[in-house]
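Asker: this is the structure alone, sequence omitted:
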Ligand code: PEP
Ligand code: MN
């Protein structure tokens, strides 16, 4: 971090700025020119409050010269993180992770049926929401704990580990015992209470990108979990809100490349929520793998027309089977495997 003092600042103002920086443990380097004085922080400047510095008398401007995320930063962890999601199953290595299943758990027959079909087609994990973040309070809110029970039955039936969304800090204990991968949805990406608590949980966390989150904000959310001591974070690009209304969101594939450059964490892509349209899911999945994503999370429903949530973007098990074959071909082209 670099602090530029105002021309004509006083000695007292300079000392105050230096003192403020030193409070967070950095070494302060002072460069005095004829017009102005510049202070540079040597060491970990993450603890310096930029806004507070900027408000100090005599301070002209505060600039960051390194990223505010440290634990998520590839600079300090050059190798890709390989995150274990179940015994012997990882994401972030050569092998891609494909998670598939319905938006929501609706019944035992539905979830075990879809679980079996996606497993047969090559999915390694099952998705399904039991607690649903819906825009309308009158829309189906998910089956809650009964839905988690059904996911466990589907896991017993198929052996697939389960990925499901947590919305409330109240449920963390239960999720930590009964779920394999805890999903933080787009709407909760900046629920810092939730993130802090998940930093203390011994389960992998699938952290979806917020509806309008910048890459830096997304990585800072990951930083919350990592800073708490939980190193098993998987990022998920699920499209961001733009001016375009043809698609539900705009899939930001360049974010996959950016995040993989800036961070060592694995990144998966959710083409279902990104596009909101079933017919786009296959091509976007292939593009995501070609772009270097470490995996996919895809909504698959046995009967999309009757789905209680997100039917329009759900593909059928047959379509998922075709998609998996093509994903395998693209994976081979980019040195990956499914
Ligand atoms: C979901 O996965 O069903 C979901 C609600 O996703 P998102 O948080 O990305 O909207
Ligand atoms: Mn959904």
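Answerer: Structure received. These figures come from a predicted structure and were not determined experimentally. Ligands and ions are numbered 1, 2, ... in the order given.
Asker: near residue 54, how many other residues are there?
Answerer: A count of neighbours around residue 54, defined by other Cβ atoms under 10 Å, yields 12. Backbone N, C-alpha and C define where each C-beta goes, glycine included.
Asker: contact partners for it?
Answerer: 61-62 (Cβ atoms under 8 Å, 6 or more residues apart in numbering).
Asker: which parts of the helix or strand it falls within are buried?
Answerer: When secondary structure is defined using DSSP states H and E, the element that contains residue 54 is helix 50-55. By neighbour count with 16 or more other Cβ atoms under 10 Å, helix 50-55 contains the buried residues residue 53.
Asker: which bits of the stretch 151-300 of the chain sit near ligand 1?
Answerer: Applying Cβ under 6 Å from any ligand atom, one finds that the stretch 151-300 of the chain approaches ligand 1 through 185-187, 208, 238, 270, 273.
Asker: ends of stretch 328-338, what's the gap?
Answerer: For stretch 328-338, the first-to-last residue distance is 6 Å (Cα to Cα, to the nearest Å).
Asker: so what's residue 265 up against?
Answerer: Counting by Cβ under 8 Å, 6+ apart, residue 265 makes contact with 72, 81, 83, 92, 222, 233-235, 259.
Asker: one more pass at 6 Å, please.
Answerer: 81, 233, 235 (Cβ atoms under 6 Å, 6 or more residues apart in numbering).
Asker: and the last one, that's in a strand?
Answerer: Yes. Counting by DSSP: H, G, I helix; E, B strand; the rest coil, residue 235 is found in a strand.
Asker: return the set of residues that bridge with it.
Answerer: Partner residues in beta bridges with residue 235: residue 207, residue 267, with DSSP bridges as the criterion.
Asker: residues in contact with it?
Answerer: Contact partners of residue 235, counting by Cβ under 6 Å, 6+ apart, are 207, 259, 265, 267.
Asker: one more: the first one?
Answerer: The neighbourhood of residue 81, defined by Cβ under 6 Å, 6+ apart, consists of 92, 264-265.
Asker: okay if I get those as TSV plus secondary structure, distance to ligand 2 and pLDDT?
Answerer: Output for these, formatted as TSV (DSSP: H, G, I helix; E, B strand; the rest coil; distance: Cβ to the ion, whole Å; pLDDT from 0 to 100):
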residue	secondary structure	distance to ligand 2	pLDDT
92	coil	24	98
264	coil	28	98
265	coil	23	98
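Asker: what is the neighbour count of residue 158?
Answerer: Using other Cβ under 10 Å, residue 158 is surrounded by 20 other residues.
Asker: which residues touch residue 300?
Answerer: When the contact criterion is Cβ under 6 Å, 6+ apart, the partners of residue 300 are 100, 114, 118, 315, 317, 320.
Asker: please flag which of those residues sit within helices.
Answerer: The helices, defined by DSSP state H, take in 114, 118, 317, 320 from the contacts of residue 300.
Asker: most neighbours out of those residues, which is it?
Answerer: With neighbours set by other Cβ under 10 Å, the maximum within those is found at residue 114, which has 30 neighbours.
Asker: that one and residue 304, how far apart?
Answerer: If you measure residue 114 against residue 304 using Cβ to Cβ, to the nearest Å, the figure is 11 Å.
Asker: looking at the contacts of residue 81, which is nearest residue 173?
Answerer: Within the set of the contacts of residue 81, residue 265 lies nearest residue 173; the separation is 25.1 Å, counting by Cβ to Cβ.
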